[in-house]
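Chemist: 3D, please:
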Amino acid sequence: MDKLRALQYYVRVVEEGNFSRAARHFSVPPSSLSRRVADLEAHLGATLLKRSTRHVQPTEVGLLYYDNARDILERLAASDEAVSHYQSRPMGRLRVSATVGFGETILLPVLDRFTRQYPDITLDVRLSDELSVLDRDDIDLAIRGGYAPDERVIGIKLMDNTFVPVASPAYLDRAGYPRHPLDLRQHSGLYFQTPQGPTPWLCRIDGHWQDVSGPPAVISNAGRWLLDQAVAGKGILMMPRWALQPSLDTGELVQLDLTPTPVITRNPDIGIYLLYQKLRYRVPKVRAAVDFLTAHFDQPS
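Modeler: Predicted coordinates for the structure are as follows:
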């Protein structure tokens, strides 16, 4: 039995939850992949997968084996690539994932400078607001707001991700200027839609957290369009300062001066984080990108 190939097949089956999808990834017949996994179970003397006609999922011992097998494959891949590029210039394809708004507004211009410095690295940039899993989605670096801890992932805070409330002068002339966070409940809201639902407006008042969200006028996961709606006077918007700054500079939008300050989460350390797997830092292209991005964002603006 080819133990390495069997481990690769097994890990992909667990992540896909389906033999056919896993087989397509390796361009092999599902029957061949299923037979390799069955041989692995026979070799171990354990049932790793619970099978049904449409779905498979790991048993308790199968989940433990999956965690260990995935870690082995990650270490092997990182070691292979590090050795093959040892003492060489950073090169190859670098897969980067970032959210759409941050990617288009902030990241892409920075990556233009990165490619001029490292011409042998081919950038593969994927902008999506869906959460990327580094190993499953074959991503070298991910840039996301917030941070979900994982013992296999390093998270470096690149910058703050402070959300501020804004509105257009026209809207404030029409609807009035809120003087206290509780006044927001009487105002039309423009809300960004996340997988967990629209981002709320929260405020700690007299020692207690309160939801001060106003009635929604628009809910969308299209950040640029929400910003346009705010400029058009459709309501109050809370977005990161980095996304709002151009409109604040032109006067199209005005930041609301409210005390206490409303937020979208009770977590005080919300930020933009660079995420990568620990072992991948050994690979020259990944190390070059991590060092470049952290140095860029560490510079005073």
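
Chemist: Every contact and neighbour count from this point should use C-alpha atoms.
Modeler: Fine.

Chemist: Please list all residues in contact with A288.
Modeler: P90 (Cα atoms under 8 Å, 6 or more residues apart in numbering).

Chemist: which parts of whichever strand or helix holds it are buried?
Modeler: Assigning secondary structure by DSSP states H and E places A288 in helix 284-298. By 16 or more other Cα atoms under 10 Å, the buried positions in helix 284-298 come out as 284-286, 288-290, 292-293.

Chemist: Who does S97 form a beta bridge with?
Modeler: Assessed by DSSP bridges, S97 has beta-bridge partners R126, A142.

Chemist: Compute the distance between it and T162, please.
Modeler: Separation of S97 from T162 (Cα to Cα, to the nearest Å): 21 Å.

Chemist: and what of T294?
Modeler: Counting by Cα to Cα - T294 and T162 are separated by 19 Å.

Chemist: Restricting to C-alpha, output stretch 59-71 in CSV.
Modeler: Taking Å, rounded to 0.1, in the frame of the first residue of the first chain, the C-alpha atoms of stretch 59-71 are listed here in CSV:
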residue,chain,number,x,y,z
THR,A,59,-15.8,8.3,13.1
GLU,A,60,-14.4,9.5,16.4
VAL,A,61,-11.1,7.7,15.8
GLY,A,62,-11.2,8.7,12.2
LEU,A,63,-11.4,12.4,13.2
LEU,A,64,-8.3,12.0,15.4
TYR,A,65,-6.5,10.2,12.5
TYR,A,66,-7.5,13.0,10.1
ASP,A,67,-6.0,15.7,12.4
ASN,A,68,-2.7,13.9,12.6
ALA,A,69,-2.6,12.9,8.9
ARG,A,70,-3.3,16.5,7.8
ASP,A,71,-0.5,17.8,10.0
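
Chemist: What average pLDDT does it get?
Modeler: When pLDDT is averaged along stretch 59-71, the result is 93.

Chemist: List the contacts of that stretch.
Modeler: With contact meaning Cα under 8 Å, 6+ apart, stretch 59-71 is reached by 7, 10-11, 14, 46-50.

Chemist: how about these in TSV, adding secondary structure, distance to L237 and pLDDT?
Modeler: Shown next, in TSV, are the contacts of stretch 59-71 (DSSP: H, G, I helix; E, B strand; the rest coil; distance: Cα to Cα, whole Å; pLDDT from 0 to 100):
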residue	secondary structure	distance to L237	pLDDT
L7	helix	49	93
Y10	helix	46	94
V11	helix	43	94
V14	helix	41	94
A46	coil	55	94
T47	coil	53	94
L48	coil	49	95
L49	strand	48	94
K50	strand	48	92
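
Chemist: now those: which count as buried?
Modeler: Here, 16+ other Cα under 10 Å leaves 7, 10-11, 14, 48-49 buried among the contacts of stretch 59-71.

Chemist: of the residues you listed, closest to V231?
Modeler: V14 (46.7 Å; Cα to Cα).

Chemist: so how far is A38 from the closest one?
Modeler: Distance from V14 to A38, by Cα to Cα: 14 Å.

Chemist: What is the nearest of the buried residues of helix 284-298 to R93?
Modeler: K285 (8.1 Å).

Chemist: quick one: contacts for that closest one?
Modeler: Neighbouring residues of K285 by Cα under 8 Å, 6+ apart: 90-92, 94, 121.

Chemist: and which of those is nearest F114?
Modeler: I121 (9.1 Å).

Chemist: how near is the closest one to P165?
Modeler: Taken as Cα to Cα, the span from I121 to P165 is 40 Å.

Chemist: ranges for the strands of the stretch 51-200 of the chain?
Modeler: 56-58, 92-98, 121-127, 141-145, 153-160, 163-167, 189-194, 197-198 (DSSP state E, counting those that start in this stretch).

Chemist: Please read the previous query as pertaining to the stretch 201-301 of the chain.
Modeler: Going by DSSP E, counting those that start in this stretch, the stretch 201-301 of the chain shows strands at 202-205, 208-211, 216-220, 236-240, 254-255, 271-277.
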